[in-house]
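Enquirer: please work out how this folds:
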Amino acid sequence: MSSIIEANAYAQSFEASDATITNSSALVAFLVVMTIAALAGVVFTAPIVTIAAGLITAVAVPAIALSAIDSDN
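Expert: Below you'll find the model as predicted:
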């Protein structure tokens, strides 16, 4: 299965640098969603939502930073 995916990616001239940009964009979008969820938890006084979104955001920020640092772009 993996070789089929790799063959398709090669046929479409896929390069590893494309994946880094896509992953960074996805992480930033995820971070924005979690920040909105944290703010919604504060507004609706839902501490569990706020804490969960805050913890996820705290993990997402270093992940985005490391992704950006590891990128050659």
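
Enquirer: flag the shaky bits of the protein, pLDDT-wise.
Expert: 1-2, 9, 11, 14-24, 70-73 (pLDDT under 70).

Enquirer: now the helix or strand where Leu55 lies: buried residues?
Expert: Element membership for Leu55, per DSSP states H and E: helix 47-70. Of all the residues in helix 47-70, those buried under the rule 16 or more other C-beta atoms under 10 Å are 49-50, 53-54, 56-57, 60, 64, 67. Using the backbone N, CA and C atoms, a C-beta is placed for each residue, glycine as well.

Enquirer: quick one: what helix or strand has Ala26 in it?
Expert: helix 16-43.

Enquirer: who's in contact with the residue nearest to the spatial centre of the chain?
Expert: A centroid search over the chain (C-alpha atoms, centre = their mean) returns Leu27, at 1.8 Å, as the residue closest to the centre. Contact analysis of Leu27 by C-beta atoms under 8 Å, 6 or more residues apart in numbering lists 60, 63-64, 67.

Enquirer: closest to Thr35 among those?
Expert: Closest approach between the contacts of Leu27 and Thr35, by C-beta to C-beta: Ala60, at 9.2 Å.

Enquirer: confirm for me that that closest one is in contact with Ala29.
Expert: No. Look at Ala60 against Ala29 with C-beta atoms under 8 Å: they stay out of range, at 10.3 Å.

Enquirer: how far out from the middle of the chain is the helix holding Leu55?
Expert: Relative to the centre of its chain, helix 47-70 is centred 9 Å away, using C-alpha atoms, centre = their mean, to the nearest Å.
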